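Asks: Mind looking at a prediction? Sequence and model below.
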Amino acid sequence: MKKYLLIAIIIIIAFITLANIRIPILSETFKTNEQSNLFIRSTGLDYTTSYYLYNIATNEKDIVFQKKMTSHPTSAFHPKNETFFYTDTDSNGLNQLFQFDMKSNKSRQLTNINGSIDFLKLSTTQSKIYMRINLYDNQNFHIGTYDINNGSINIWNKNEKDKSIKHFDLNTESGSLILLSYSAKENEKKIEEANKEGEELKPLNYEISIVNKDKGIKRKIKSLKKHIHDISISNDSQAALISYYEVFGQSNSKSVIAEIDLETGKTKPLIKEGKKLTSFKHPQYAGNLDGIYFIAKRKDQEIKTDDKGGKFKPSNLYLYDLETKDISEVLRVSNATINNFSVVDSYN
């Protein structure tokens, strides 16, 4: 009798343990209570980039703008506005800031700098555009702002020659920026070492910080030595998300999405590369904070060939459920790759 009782107890313990361990799976059915919508940028095989609002509940797309582009598209848009901002190359092949007026259906160039502009974010007051700027007499990247009202450009720490911005995000509620920065000199040195030794590139030492110039806030969160791709901040400013490669190389790269507690600096991996998905990028919290949207590639997906003969595996949009730990595919665009997206409030 004691033997059978012991076996029963072991079975119960095993059941409870398994019930609390959730292995992330890729669900073929997408379900969410998300009330926000997404502003998505995707590029087709003919290099036509489409910018559109995507209604998650109805699976409907509302095209805002389309254009053939060869540069990596970045943009800033608020659904209540009738204009949006994007980057494109000018007549000199330099990446500049443009504005598209949805009423007149016309675009105009806003900047003419001797450098490159990308990673656009519209300020809380919708009076300026935050952007990343690389001046061609510098090897590093800066944060800059474009004043929508008077057309002026302000480049932060313009004389800084080493500290470089890898990526940034804007909390539209607080107006604070989260910055991911590194040393341009260290980056150059590690590239030279990797080329000389024929070894894989070693990770940089990245600094993560919070900045709000209007409120006089500048706070270092932590340093992290990993192959980090990008960063985003939650709308309650309690946490940040990063995507990075745990192992970096052509054949053994392993993608990870991790969460950083902005009070303690503690980093917790949330999603690790498995059998089905790879190349995680651009993780962002869902509007209700119960999930994380991110871009990834399916390992079993067909390789596409674009109009110039280039071959690539398209990126799709996914949602990670923070409660169930499951992953579901939100959107796959036929014959196109999703470049980036942003979570926006309801525009109905």
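Replies: Here it is on my side, so go on.

Asks: drop to CA atoms for contacts and neighbour counts, all remaining ones
Replies: Will do.

Asks: Tell me the secondary structure at residue 193.
Replies: Using DSSP: H, G, I helix; E, B strand; the rest coil, the structure places residue 193 in helix.

Asks: contacting residues for the spatially most central residue of the chain?
Replies: Centroid-nearest residue in the chain, with C-alpha atoms, centre = their mean: residue 282, separated by 2.3 Å. Residues in contact with residue 282 (C-alpha atoms under 8 Å, 6 or more residues apart in numbering) are 230, 231, 232, 242, 243, 293, 294, 295, 340, 341.

Asks: same question, residue 174
Replies: residue 124.

Asks: Confirm it sits in a helix?
Replies: No. Using three-state DSSP, the assignment for residue 174 is coil, not a helix.

Asks: And it, how close does it get to residue 77?
Replies: Residue 174 sits 18 Å away from residue 77, taking C-alpha to C-alpha, to the nearest Å as the criterion.

Asks: Then residue 281?
Replies: 20 Å.

Asks: With neighbour numbers in mind, choose between those two.
Replies: Taking neighbours as other C-alpha atoms under 10 Å, residue 281 and residue 77 compare with residue 281 leading, 25 against 21.

Asks: List the beta-bridge partners for that one.
Replies: On the basis of DSSP bridges, residue 281 is bridged to residue 295.

Asks: Over to residue 217?
Replies: residue 212.

Asks: Same question for residue 240.
Replies: Beta bridges link residue 240 to residue 233, residue 260, judged by DSSP bridges.

Asks: residues near it, how many?
Replies: Look at residue 240: counted by other C-alpha under 10 Å, it has 23 neighbours.

Asks: try residue 147
Replies: 15.

Asks: need the contact list for the spatially closest residue to it that is not a sequence neighbour.
Replies: Nearest residue to residue 147 in three dimensions, chain neighbours excluded: residue 128, at 4.5 Å (C-alpha to C-alpha, 6 or more residues apart in numbering). Contacts for residue 128 (C-alpha under 8 Å, 6+ apart) come out as 122, 145, 146, 147, 148, 149.

Asks: Just the buried subset of these, written out for ChimeraX, thanks.
Replies: Selection command for ChimeraX covering only the buried members of those, criterion 16 or more other C-alpha atoms under 10 Å:
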select :122,145,146
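
Asks: Could I get the contacts of residue 128 in CSV, plus columns for pLDDT?
Replies: Formatted as CSV, these follow (pLDDT from 0 to 100):
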residue, pLDDT
122, 93
145, 96
146, 97
147, 96
148, 94
149, 93
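
Asks: Just the contacts of residue 128: which are in strands?
Replies: 122, 145, 146, 147 (DSSP state E).

Asks: Distance to residue 191 added to these, as CSV?
Replies: What follows is the ones in strands among the contacts of residue 128, written out as CSV (distance: C-alpha to C-alpha, whole Å):
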residue, distance to residue 191
122, 34
145, 30
146, 33
147, 36
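
Asks: of those residues, closest to residue 336?
Replies: residue 122 (26.0 Å; C-alpha to C-alpha).

Asks: The closest one against residue 77, yeah?
Replies: Yes. Residue 122 is within contact range of residue 77, at 6.9 Å (criterion: C-alpha atoms under 8 Å).

Asks: what's near enough to touch residue 157?
Replies: Residues near residue 157 by C-alpha under 8 Å, 6+ apart: residue 142.

Asks: go again using 10 Å as the cut-off
Replies: 142, 143, 144, 163 (C-alpha atoms under 10 Å, 6 or more residues apart in numbering).

Asks: so it, which of the three states?
Replies: Using three-state DSSP, the structure places residue 157 in coil.

Asks: Quick check: the gap between it and residue 314.
Replies: As for residue 157, its distance to residue 314 is 37 Å (criterion: C-alpha to C-alpha).

Asks: Strands of the stretch 201-348 of the chain, start to end?
Replies: 205-212, 217-225, 227-233, 239-247, 254-261, 267-272, 277-285, 291-298, 304-305, 311-312, 316-321, 327-331, 336-344 (DSSP state E, counting those that start in this stretch).

Asks: Now render these as JSON lines, adding mean pLDDT and distance to residue 82.
Replies: Shown next, in JSON lines, are those (pLDDT from 0 to 100; distance: least, C-alpha to C-alpha, whole Å):
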{"stretch": "strand 205-212", "mean pLDDT": "96", "distance to residue 82": "28"}
{"stretch": "strand 217-225", "mean pLDDT": "94", "distance to residue 82": "32"}
{"stretch": "strand 227-233", "mean pLDDT": "96", "distance to residue 82": "26"}
{"stretch": "strand 239-247", "mean pLDDT": "92", "distance to residue 82": "30"}
{"stretch": "strand 254-261", "mean pLDDT": "96", "distance to residue 82": "34"}
{"stretch": "strand 267-272", "mean pLDDT": "96", "distance to residue 82": "37"}
{"stretch": "strand 277-285", "mean pLDDT": "95", "distance to residue 82": "25"}
{"stretch": "strand 291-298", "mean pLDDT": "96", "distance to residue 82": "26"}
{"stretch": "strand 304-305", "mean pLDDT": "92", "distance to residue 82": "34"}
{"stretch": "strand 311-312", "mean pLDDT": "90", "distance to residue 82": "34"}
{"stretch": "strand 316-321", "mean pLDDT": "96", "distance to residue 82": "26"}
{"stretch": "strand 327-331", "mean pLDDT": "94", "distance to residue 82": "25"}
{"stretch": "strand 336-344", "mean pLDDT": "92", "distance to residue 82": "15"}
